[in-house]
Structures are given as C-alpha cells and as structure tokens.
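In: sequence first, then the predicted structure, then my questions.
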Amino acid sequence: MEENKVINIVDKALLNEVSNLENMEKGAYNIRKNGEGIERKTTENINIITKTDKPGIDIYVKENTKFEFLHIPVILTESGLSDLVYNDFYIGKNANVIIVAGCGIHNDHHKDSQHDGIHRFFLEEGAKVKYIEKHYGEGKGDGKRILNPVTEVYLKKGRSLEMESSQIRGVDSTIRETKGELEANTNFVVKEKIMTHGKQFAKTIFDVKLNGENASTHVTSRSVATDDSTQLFISKIYGNNKCFAHSECDAIIKDQAKVTATPEITANHVEANLIHEAAIGKIAGEQLTKLMTLGLTEKEAEEEIINGFLR
C-alpha cells in the first residue's frame, strides 16, 4: 500500500504526458494511482472531497473564481487492474476555470489494464469551464491498455463549457462517450483528436440535446488511423428548440485502417439549424511532394502532415 503512494520515475513520465507537472503545482490537484488517491492539494477557491458511497471525488469551485487550474490525472502501472471512478464537478456562479484530466497507462505484462472514468459537470449561472482530457498508453507487455471515458455535461441558462479531448498514442481500445443537455443561451464546444495504429480500436459517441432557445454546440473530431486500426465516430444531435449545431469529422487513413462516420441529426423544432460534415481520405500526394522537395523523406513528410493535422 505504501509503495503505491510513492511517485517514481515511470509515474512522473506518465503524469507529464497527461497533465504537465510544472503547471499542476500552480493550482489544486488530485492524483490517482492504481485505484486510489495518493496526493491532493486544495486551494481557497477549489475544494476536493473523496466520495463515501463509490470511488471518486466531488470538486467544488467557489463562485467568482477566475482562471484557476485544477488537475485530476489518473495513472495505472499495475497490470491486470480494472479501475472505475466517478468524478462530479460543481462550478459556482460566474466562475471561470480550467480543468485538466486524463489517464496514462504503463503496462509491461500480459494482463489487460483498464480505466473507466465517469465525469459529470454541473455549472451555476454565468459559469465557464475549459476541460482538457488526455489519454496515453505505453509499455512492452502484450496486455491491452483500455480507456473508456464518459463525460456528462448539464448546462442551464447562460452557462458554457469547452472540451478538448486527445488520445495521444498507445491506447489499444477505447469507447468515448460525451453527453450534453443544454438549456437556453448555452454553448458546448467539443474538440477531439485521436491517433490509432496497430490493431487498435476507438469508438466515439456524441449525444447532445439542445433543449433551450439559442442553445448551441460545435463538435469537431480530427483523427488519424494507420496500420490495421479501426475508428468509429457517431454523432447524435437533437434540436428541440430554436438552436444551432455543427458537427464535423475529418479523418486521415493509411495502410489497411478503417474509419466510419455516422451522423444523426434530428430537428424537432422548425428553427433548429443543424449541420453535419464528414471527410475521410488518405494524405494528398501533392502535400507529400511539396514537403519532399524541401528535403524530407516520404516518412518524415507523412509525419509532418499528420502532426499538423492533429495540432
């Protein structure tokens, strides 16, 4: 038990991938390792309380809190561990905060390691949140690194939340669910970036209900699939009032990879304005040629294009 509470070199590398250590020290944070909290810091405006009925934490941000950071990284270094956590965020009136979450898995053995995180956001009037989530896997073992995040956003009148989600590399299987229920004059922005290789599988599901007048959402997914990996993008948006929604999926495929984009937009109001766009294809030959004329090899040119696409 005590060994689990020590942050070693592997832990620090994982934490740096999903939650910059230098920035973490500047605000509140909670570090979870192998299924238990090992280190925590609260501030005058941000309190973190351990749940008593199930694994996870409750985060309370005071009203009028401005531009403070909260980091809640999770790391797994124990092969064969399946971790489930429930985190609830209560953001006070007129608060404006940045929350950095994410999970890093290091698996050097043969058993699968899995983390499932369920995050729910409840914002008071005038509150704004930028939520950054990063996922990363590494290790020499053939045990899988599995991550299944669920994000639930409930926005009442006048609230807004921006979510940036990225799967950096090394995740063998992931099902990513994002659910939103928006009332009047709210805004929910989602930007997703995913990279898969080998035989990895990634499934993304967006389910957003625009219930209030002038509610809006903008969902953008950018992904790269290589080798024999498979990706599935599902976007469900329901316009139940005068509202606006734009869903966009752009993907680059290489080798034998497969990407499927499935839009579902439902207008239940005459003034619901809903748009979906999807573009899937290989790297354009003229892009490669242009970079290769600058002295890059074909592989280097491909990497440059992919990195630029995912920025």
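Out: Arrived safely.

In: shaky segments in this structure?
Out: 1-6 (pLDDT under 70).

In: let's see 80
Out: Applying pLDDT under 80 to the chain flags the ranges 1-6, 20-22.

In: just want the most central residue of this protein.
Out: In the chain, the residue lying closest to the centroid (C-alpha atoms, centre = their mean) is residue 165, at 2.8 Å.

In: helix/strand/coil for that one?
Out: What DSSP: H, G, I helix; E, B strand; the rest coil gives for residue 165 is strand.

In: for it, give its distance to residue 114.
Out: 18 Å (C-beta to C-beta, to the nearest Å). From N, CA and C alone the C-beta is placed, and that goes for glycine too.

In: surely the residue nearest to the centre of the chain meets residue 202?
Out: No. Residue 165 lies out of contact with residue 202 (C-beta atoms under 8 Å); the separation is 11.3 Å.

In: need the overlap of contacts for these two.
Out: Taking C-beta atoms under 8 Å, 6 or more residues apart in numbering as the criterion, residue 165 and residue 202 both touch residue 176.

In: all helices of the stretch 151-300 of the chain, in order?
Out: Assigned by DSSP state H, counting those that start in this stretch, the helices in the stretch 151-300 of the chain fall at 285-292, 298-310.

In: got CSV for those helices, with distance to residue 153 and mean neighbour count too?
Out: Shown next, in CSV, are the helices of the stretch 151-300 of the chain (distance: least, C-beta to C-beta, whole Å; neighbours: other C-beta atoms under 10 Å):
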stretch, distance to residue 153, mean neighbour count
helix 285-292, 36, 13
helix 298-310, 24, 14
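
In: can you pull the domain assignment for the chain?
Out: Per the record, the chain has its domains at 1-167, 172-283, by automatic domain parsing.

In: ends of the last one, what's the gap?
Out: As for domain 172-283, its first-to-last residue distance stands at 24 Å under the measure C-alpha to C-alpha, to the nearest Å.

In: okay if I get the helices of the stretch 151-300 of the chain as JSON lines plus distance to residue 210?
Out: Below are those laid out as JSON lines (distance: least, C-beta to C-beta, whole Å):
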{"stretch": "helix 285-292", "distance to residue 210": "37"}
{"stretch": "helix 298-310", "distance to residue 210": "28"}
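
In: quick check, residue 274 in contact with residue 263.
Out: No. At 9.5 Å, residue 274 does not count as touching residue 263 under the criterion of C-beta under 8 Å.

In: overlap in contacts, those two.
Out: In terms of C-beta under 8 Å, 6+ apart, residue 274 and residue 263 are both contacted by the residues residue 247.

In: now the strands for the stretch 51-200 of the chain?
Out: In the stretch 51-200 of the chain, the segments counted as strands under DSSP state E, counting those that start in this stretch are 56-61, 66-76, 82-91, 96-106, 113-123, 128-138, 145-155, 160-169, 173-182, 187-196.

In: okay, those strands, which one's buried deepest?
Out: strand 96-106 (a mean of 25; mean count of other C-beta atoms under 10 Å).
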